[in-house]
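[1] The sequence isn't on hand, but the structure is:
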Ligand code: SF4
């Protein structure tokens, strides 16, 4: 179960290119793990390391202190591609708690929310402002569903209401789904009388 | 009279256990859960840590495909896994399946195959079902009029434990392909043309229904190719209404209903009602579709083979062209091709291999080009070998491998070397998808085979014409 998420204030990291796919976030050759942990070192691996494994000094993700920059500002259509939950696992393990883009892929959004990584979609103008000022702290207030910066008016964003409640209150999604067991059993009994009998 | 409904709505409505509200998503029942080794270990671990079991092992079916070597075991019986982790992942799935009573198409099973090739082949996938898998190309199964979509590992755990998912109803988009397809134009070309039209994120939040005479004219394998790539336009799922072609294809498959006629009456009633409305509609002219190939690093960056690369629209396009080593305004048909890959859940089925073999028969792979042919399943391998397709490939100079995902995702030791240019029948041309630094052109099996012969990206209709003229 993810840690509850209420507000987060942090400077950002900007990766402005569009269509950053999940193969960039965590290349497939690191998917042979059977754990959720430890993928942060491989987050954006091919952007961060030379072929021989030495870190590229110019890569922004090798230059910053992840503890200081918990928010990723990424280009349009972020995290498109595969359904691998390893993508949010890798971003969280690296140190991110939120991603802001003009558009974020469906499956990634669902995966991210289940793991306590907040996906936030904003309009192009707000995005451009954020992308231009990575050193200005941004506050993401999930309760108010508001993005705030010192220099600008608050910008509203929306998160699917149930996922929001899960993050704010630490609701366990699987537990909640299990609480519907009687309805599920009734549904099965109607459709498959022979199995239920 | 009840409101006309779309195919998607009919399937959706049948599976609502608890309707959605403003506060909470609905509970949707899942008929078939397909499982593979990469996205399941953490899900089994999660349910076990809670003391839960698999609710419906009879609705769950697992296979090994992503991390599996495509070269046979050595004389010592050892399979050439890419790493100890890959082996451990495969063994973890086998152990999880054994513990939870889940059927697994293991190494020794004649059923084993890439998950989206195997499911339909066994008749597990049927019209009107909900089908999920921890894999974004699950939309493939929508070719049968099933609602099929990819889920993350947390959700794999949800389905294992409850046979249900929390879901909000997506929007609908109908893509109609009018007219007839020209000879030599395949399902893959249609898919690439549709994605080029919609754009890479153009289907986000939607379930696509593919309709129109050009779609209807495709065989089931071609329809699977089209639905398979729905995710490459960002769509959750792609569906095609079941028809007589669907029923005929399923007849006699192991898990298909014995009384197929009775089932068929229900299946055929799933088609969208006249007057049903979609949130969006897109129409393409099927006759205008030519053999397609991609020039960039997203699947929507496609154009007819031989067309000049378009001028970059933004920095992302510029980066893509720099990565690919292509120049705007110039065709890509003069670039030497290093690798040709035929396989994957997009194009690793029997008709795909036949189309490639037809081009290769009596020809040779150009020296210096490495060509890998990987059947999508053991069944495809058996059928292809019975027809002698394997010999067509090996005599032309290609490698004939064991089934698996192979170079589509390059996790198993089959990969394209840095900088090499590949023509691939798979579904993603992302940077590094087929190996670090690999440059990928997506195309149809016939195009891939023609390119292997010519050593450059080649429109297969030119080679096939030669054969007719000769
Ligand atoms: S063949 Fe490729 S796309 Fe299909 S399931 Fe395997 S890795 Fe995924």
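    Structure received. Quick caveat: nothing in here was measured; it's all calculated off a predicted structure.
[2] Please name every helix or strand in contact with the helix ranked longest in chain A.
    Longest helix in chain A, counting residues (DSSP state H): helix A:181-191. The contact analysis (3 or more CB pairs under 8 Å, 6 or more residues apart in numbering or on different chains; DSSP states H and E) places helix A:181-191 against helix A:193-196, strand B:16-18, strand B:26-29. Where you see a C-beta, it was placed from the backbone N, CA and C, and this is true even at glycine.
[3] Mind doing that once more with 6 Å?
    The helices and strands touching helix A:181-191, judged by 3 or more CB pairs under 6 Å, 6 or more residues apart in numbering or on different chains; DSSP states H and E, are strand B:16-18.
[4] Same question for the longest helix along chain B: list its buried residues.
    Using DSSP H, we find that the single longest helix of chain B is helix B:84-100. Residues B:85-90, B:92-93, B:96-97, B:100 are the ones in helix B:84-100 that count as buried (16 or more other CB atoms under 10 Å in any protein chain shown).
[5] do stretch A:145-160 as well
    So, applying 16+ other CB under 10 Å, buried residues of stretch A:145-160: A:145, A:147-149, A:155, A:157, A:159.
[6] returning to what we had before: filter the buried residues of helix B:84-100 down to the ones near chain A?
    Applying CB under 6 Å from any CB of the partner chain to those, one finds that B:85-86, B:89, B:92 fall near chain A.
[7] And those, which is closest to chain A?
    Of all these, chain A sits closest to residue B:85, with 3.9 Å by CB to the nearest CB.
[8] Which one of the buried residues of stretch A:145-160 is nearest to chain B?
    For these, the nearest to chain B is residue A:159 (12.4 Å; CB to the nearest CB).
[9] closest point of chain A to the ligand, which residue?
    The ligand sits closest to residue A:82 of chain A, with a gap of 7.3 Å, by CB to the nearest ligand atom.
[10] My read is that that residue contacts residue A:22, right?
    Yes: between residue A:82 and residue A:22 a contact is recorded at 4.6 Å, counting by CB atoms under 6 Å.
[11] contacting residues for residue A:160?
    With contact set as CB atoms under 6 Å, 6 or more residues apart in numbering or on different chains, residue A:160 has no partners.
[12] pLDDT wise, what is it at?
    With respect to pLDDT, residue A:160 has a value of 95.
[13] Tell me the residues on chain B that lie near the ligand, please.
    Along chain B, the residues adjacent to the ligand under the rule CB under 6 Å from any ligand atom are B:65-66, B:114-116, B:135, B:137, B:344-345, B:405, B:408-409, B:426-427.
[14] more crowded one of residue A:82 and residue A:22?
    residue A:82 (31 against 27; other CB atoms under 10 Å in any protein chain shown).
[15] So that one: helix, strand or coil?
    coil (DSSP: H, G, I helix; E, B strand; the rest coil).
[16] hmm, back to that, any quick ChimeraX command for the buried ones out of the residues of chain B next to the ligand?
    What follows is the ChimeraX syntax selecting those of the residues of chain B next to the ligand that are buried according to 16+ other CB under 10 Å:
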select /B:65,66,114,115,116,135,137,344,345,405,408,409,426,427
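[17] Identify, from the residues of chain B next to the ligand, the entry nearest to residue A:62.
    If you rank those by distance to residue A:62 using CB to CB, residue B:409 comes first, at 25.9 Å.
[18] Please name the nearest non-neighbouring residue to the closest one.
    Excluding the flanking residues, the one nearest residue B:409 by CB to CB, 6 or more residues apart in numbering or on different chains is residue A:28, at 4.7 Å.
[19] got a list of what the residue of chain A closest to the ligand touches?
    Contacts of residue A:82 (CB under 6 Å, 6+ apart): A:22, B:136.
[20] List the beta-bridge partners for residue B:441.
    With DSSP bridges as the criterion, residue B:441 is bridged to residue B:423.
[21] Show the contacting residues for it.
    B:293-294, B:423.
[22] Could you rerun that using 8 Å?
    B:293-295, B:332, B:337, B:421-424, B:429, B:457 (CB atoms under 8 Å, 6 or more residues apart in numbering or on different chains).
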